[in-house]
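Colleague: coords please:
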Amino acid sequence: MRRSITLFPLLALLGVGVALAMPEWLVGLKPAIVPLLGLVMFGMGITLTFADFVSVTRRPALILLGMALQYGVMPLAGWLIGLGLGLPPELLVGLVLLGASPGGTASNVICYLARGDVALSITLTTASTLAAVLLTPALTLLYVGERVPVPALDMLISIAKIILAPVALGLLVNRFLGARLERAKLVFPLVSMAAIVLIIAIIVALNHGSLIDLGLMVLLAVVLHNGIGLLSGYWGARALGQDARAARTLAIEVGMQNSGLAVALAVKYFSAASALPGALFSIWHNLSGAALASWWSRRSAAD
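Modeller: The predicted structure is shown next:
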């Protein structure tokens, strides 16, 4: 698993290179983005049990803190960064949509490598993913509804299809066939990684014409957004009296977004350009997350 996290950014960069060199190979795969994300969410589902959902009720204070930081800080940060950098409306909506998305599926592995609280990480990812059905369209409408038409109800239905249905199916498959799927569970992280790499490559191919002009500005926005998430997660937890282990976990959960969902929604309801922040974030947050995990893995949470 550690090797997968290290390999992912390299494969993503390779996918970007192919997309820039031969975009015609990938632009026709635009309709595959949503099904590919559904496959990723199904993979998340088969790693979950009903006990994971029950655990939400056992740590209400930490869960509420994580959710408040996730959905309070990140959409606002995306909006402020977009305005501060003067991004055009299609990129601003992409950045806000990214901020309004739930925690990323790779955060649990990064948390494990960083010697954080893995059970808390899984619970937060699950809770924020379920809450996304309502909060992602509502927050996107709140921040950019005056600038760009936001079909909030249609987005809500799509998120239910993209997230709830595949996760529920994976959960049921794990419940009834889990003992027979141990080998498949080992393979699915690699399948999910390949799916996200392909999604990134498709988005870059769709934006190859404007990437040279907008790429550096969007990358700066993404780096700032991720940094604010990591810092607010860690220091927000510490300011409220949580220990360093919980603070590491919240930093990773808040800083790592489900950028695949942001990309899928952007392509479906806005434009290919709106998906660009999510595509670049997919690469960057895994690089920053892996670096942070490497740093923390050599240090006790009591340091």
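Colleague: how about the helices in the chain?
Modeller: Taking DSSP state H, the helices of the chain run over residues 2-21, 33-45, 50-54, 60-84, 89-99, 107-113, 118-144, 152-159, 165-177, 182-206, 208-239, 244-255, 259-269, 276-297.
Colleague: would TSV of the ones you listed with distance to V27 be doable?
Modeller: All C-beta spots, glycine's among them, are computed from the backbone N, C-alpha and C. Output for those, formatted as TSV (distance: least, CB to CB, whole Å):
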stretch	distance to V27
helix 2-21	9
helix 33-45	12
helix 50-54	38
helix 60-84	26
helix 89-99	18
helix 107-113	30
helix 118-144	26
helix 152-159	22
helix 165-177	25
helix 182-206	5
helix 208-239	9
helix 244-255	31
helix 259-269	12
helix 276-297	14
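Colleague: How far does stretch 15-28 stretch from one end to the other?
Modeller: 15 Å (CA to CA, to the nearest Å).
Colleague: So which bits of that stretch are buried?
Modeller: G15, V16, V18, A19, L20, P23, L26 (16 or more other CB atoms under 10 Å).
Colleague: Show me the two of these that sit farthest apart.
Modeller: The two members of the buried residues of stretch 15-28 with the most space between them (CB to CB) are G15 and P23, at 11.8 Å.
Colleague: hey, what's in contact with both of the two?
Modeller: V204 (CB atoms under 8 Å, 6 or more residues apart in numbering).
Colleague: re earlier: using JSON lines, please lay out the buried residues of stretch 15-28 together with pLDDT.
Modeller: Below are the buried residues of stretch 15-28 laid out as JSON lines (pLDDT from 0 to 100):
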{"residue": "G15", "pLDDT": "84"}
{"residue": "V16", "pLDDT": "81"}
{"residue": "V18", "pLDDT": "89"}
{"residue": "A19", "pLDDT": "86"}
{"residue": "L20", "pLDDT": "83"}
{"residue": "P23", "pLDDT": "88"}
{"residue": "L26", "pLDDT": "89"}
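Colleague: which one of these is nearest I81?
Modeller: Within the buried residues of stretch 15-28, proximity to I81 (CB to CB) peaks at V16, which comes in at 21.9 Å.
Colleague: State the phi and psi torsions of the nearest residue to T129 once chain neighbours are set aside.
Modeller: Spatial nearest neighbour of T129, excluding adjacent residues (CB to CB, 6 or more residues apart in numbering): P102 at 4.5 Å. Here is the backbone geometry of P102 (degrees, to the nearest 10): phi -80, psi -180.
Colleague: wait, doesn't P102 sit right on T136?
Modeller: Yes. With contact defined as CB atoms under 8 Å, P102 reaches T136; the gap is 7.4 Å.
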